[in-house]
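In: What follows is a predicted structure for the sequence shown.
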Amino acid sequence: MRYIEPHAHMVSRVTDDYQAMMLAGCAAVCEPAFWAGFDRSSAAGFHDYFCQLTEHEPRRAAKFGLPHFCWLCINPKESEDVGLAREVIALIPKFLERTNVLGIGEIGLNKNSRNEMAVLEMHVDLAARHNQLILVHTPHLEDKLKGTRLILDVLRADSRIKPERCLIDHVEEHTVKLVLDHGFWGGMTLYPETKCTAARAVDMIEQYSGERLWMNSACDWGVSVPLAIPHAALELRRRGHSPAAIDRLIYQNPIRFLSQCPKFKLPEENR
Ligand SMILES: [Zn+2]
């Protein structure tokens, strides 16, 4: 088995997780910027986090032979303070040159507030001006459908943004069709308690074409499983999906989306 982990918050994980991912066939890990479990008190805190994502974590991953990529933004959970968000967004352009940065993310909405919307629009503008891919976080539970609609409206209202260069993450049964119908990619997050189980993800794959879908573990500081994708691959196998179809979903699909950024390259021996 080989797979790409397209969404994992490795700064929260231990070295054993890197080792287990490599043993399971992981060929690359991508880490969106997100909430760290606590609110940072200043833009300087984000500056250090961006250094961690672009310098320190890739070095740690390299010790296990795993290529590490990242996405940058101020996450929606910390976007209520528009002044702070403006300062953090101003830091991002100089980091975009760094070799492991794939785009702007995970941006989006948390509580669907007016301030979060303003910061979302700033990020979309930043991505458009710098021709960056976009990775979107959608809100939880009862806020998800409304939040997903609001996010798609913002993306579709900007003529510079191409839907095939945006991935809407944490889709569920009631949002996946909306995302795919508008030409975006969708991500299914495999969590043991909330979001999506492997069985539900496979149901969605069987119901909609898996052509613009990927799965991720989003493993972070909370209850989450770094090997969620290999576990979902076992569920696919159990339900009769061929090894070729599974490879398309967990390896080739993420590569197809991420390769739209020319910096996403795997070393020859990992292909
Ligand atoms: Zn995340």
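Out: Right, received. Where do you want to start?
In: what comes into contact with stretch 150-168?
Out: 105, 108-109, 112, 117, 120-121, 124-125, 127-128, 133-136, 138, 148, 175, 178-179, 182-187, 212, 214, 257, 260 (CB atoms under 8 Å, 6 or more residues apart in numbering). Where you see a C-beta, it was placed from the backbone N, CA and C, and this is true even at glycine.
In: Please apply the same query to stretch 34-50.
Out: Residues outside stretch 34-50 that contact it (CB under 8 Å, 6+ apart): 9, 11-12, 33, 72, 74-75, 77-78, 84, 87-88, 91-92, 95, 106, 137, 220-222.
In: Centre of the chain to that stretch, how far?
Out: In terms of CA atoms, centre = their mean, to the nearest Å, the centre of stretch 34-50 is set 18 Å apart from its chain centre.
In: Okay, buried residues for the lowest-mean-pLDDT helix or strand in the chain please.
Out: The weakest-scoring helix or strand in the chain, judged by mean pLDDT, DSSP states H and E, is helix 198-207 (a mean of 92). Residues 198, 201-202, 204-205 are the ones in helix 198-207 that count as buried (16 or more other CB atoms under 10 Å).
In: Could you pull out the helices in the stretch 51-200 of the chain for me?
Out: Along the stretch 51-200 of the chain, the segments classed as helices by DSSP state H, counting those that start in this stretch run 57-62, 82-95, 114-129, 144-157, 176-181, 198-207.
In: Identify the bridge partners of Val101.
Out: Following DSSP bridges, Val101 is listed with bridge partners Cys70.
In: what's the burial count for it?
Out: Residues lying near Val101 (other CB atoms under 10 Å) number 22.
In: Tell me how far it lies from Leu53.
Out: As judged by CB to CB, to the nearest Å, Val101 and Leu53 stand 8 Å apart.
In: what residues do those two have in common as contacts?
Out: Joint contacts of Val101 and Leu53 (CB under 8 Å, 6+ apart) are 70, 72.
In: follow-up on the earlier one: can you select the buried ones among the contacts of stretch 150-168 for me in PyMOL?
Out: Restricted to buried positions by 16+ other CB under 10 Å, the PyMOL selection for the contacts of stretch 150-168 reads:
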select buried, resi 105+108+109+112+117+120+124+127+128+133+134+135+136+138+148+175+178+179+184+185+186+187+212+214+257
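In: Now do the contacts for the residue nearest to Gly105 when sequence neighbours are not counted.
Out: Of all residues not flanking Gly105 in the chain, Leu135 sits nearest, at 2.7 Å (CB to CB, 6 or more residues apart in numbering). Taking CB under 8 Å, 6+ apart, we find Leu135 in contact with 7, 32, 71, 102-107, 166-167, 169.
In: Quick check: closest non-adjacent residue to whichever residue of the stretch 151-271 of the chain sits closest to the ion.
Out: Residue nearest to the ion within the stretch 151-271 of the chain: Ala218 (4.5 Å; CB to the ion). Distance criterion CB to CB, 6+ apart; nearest residue to Ala218, sequence neighbours excluded, is Thr189 at 4.6 Å.
In: Against Thr197, how distant is the residue nearest to Leu53 when sequence neighbours are not counted?
Out: Take Leu53 and drop its neighbours on the chain: the residue closest to it by CB to CB, 6+ apart is Cys70, 4.1 Å away. Plainly put, Cys70 is 27 Å away from Thr197 if you go by CB to CB.
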